[in-house]
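A.B. asks: One predicted model, sequence on top.
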Amino acid sequence: MNAPPPREIEVFYDGDCPLCQREIAMLRRWDKRERIEFTDIAAPGFDPGPLGVDMPTLMAEIHGRLPSGELIRGVEVFRRLYSATGWGLLVAPTRLPVVRGLLDMAYRFFARRRLWLTGRCDDGACSRG
């Protein structure tokens with residue numbers, strides 16, 4: 001029996017988020033070498049406890065786990081995901097200091113408003129930030 005390929009990253013995503021669903025579907029199509037493990041934090045029975053973070057923290061921004069067990073978050077998760085799917089050359093410029101800072105700022109802006117932007121704040125649980 002063949003062993004599964006080594007994973008480069010596990011991504012923890014909100015499967016109830018329409019924007020997230022589209023991004024994850026695209027990454028699944030591109031992940032021909034099966035380097036990404038996809039974990040839906042909105043799935044019934046998902047328990048964040050073993051990660052050492054709570055659900056509000058996971059919902060606040062995207063998280064990933066490296067093979068070492070280290071948790072990463074935000075834009076760095078996307079860099080790792082896109083690198084794992086073979087887009088590393090396009091990812092490289094996003095590590096430049098000015099580009100990195102702008103992308104980090106833009107992602108934080110989006111992440112704070114994600115639930116509102118996707119129409120999931122009917123109960124008043126979030127605001128536009």
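C.D. replies: Yep, it's here.

A.B. asks: residues in contact with stretch 66-74?
C.D. replies: Outside of stretch 66-74, the residues within contact range by Cβ atoms under 8 Å, 6 or more residues apart in numbering are 6-9, 51-53, 61-65, 80, 104, 107-108, 111. From N, CA and C alone the C-beta is placed, and that goes for glycine too.

A.B. asks: how about 10 Å then?
C.D. replies: 6-12, 51-53, 57-58, 60-65, 76-77, 79-80, 103-104, 107-108, 111 (Cβ atoms under 10 Å, 6 or more residues apart in numbering).

A.B. asks: ok, now stretch 11-20?
C.D. replies: Taking Cβ under 10 Å, 6+ apart as the rule, stretch 11-20 contacts 21, 23-24, 27, 36-43, 46, 48, 51, 53, 58-59, 62-65, 71-73, 77-78, 80-81, 84, 110, 114-115, 117-120.

A.B. asks: The same query, at a cut-off of 6 Å, please.
C.D. replies: 24, 38-42, 58, 63-64, 118 (Cβ atoms under 6 Å, 6 or more residues apart in numbering).

A.B. asks: Tell me how far residue 48 lies from residue 12.
C.D. replies: Noted for residue 48: a distance of 8 Å to residue 12, by Cβ to Cβ, to the nearest Å.

A.B. asks: buried ones in the top helix by length along the chain?
C.D. replies: With DSSP state H setting the assignment, residue counts place helix 97-117 as the longest helix in the chain. Within helix 97-117, the residues that qualify as buried are 103, 107, 111-112, 114-115, counting by 16 or more other Cβ atoms under 10 Å.

A.B. asks: list the contacts for residue 37?
C.D. replies: 7, 10.

A.B. asks: Show the backbone phi and psi for it.
C.D. replies: phi -100, psi 130 (degrees, to the nearest 10).

A.B. asks: before we move on, back to that, quick one: which of residue 48 and residue 12 has more around it?
C.D. replies: residue 12 (22 against 16; other Cβ atoms under 10 Å).
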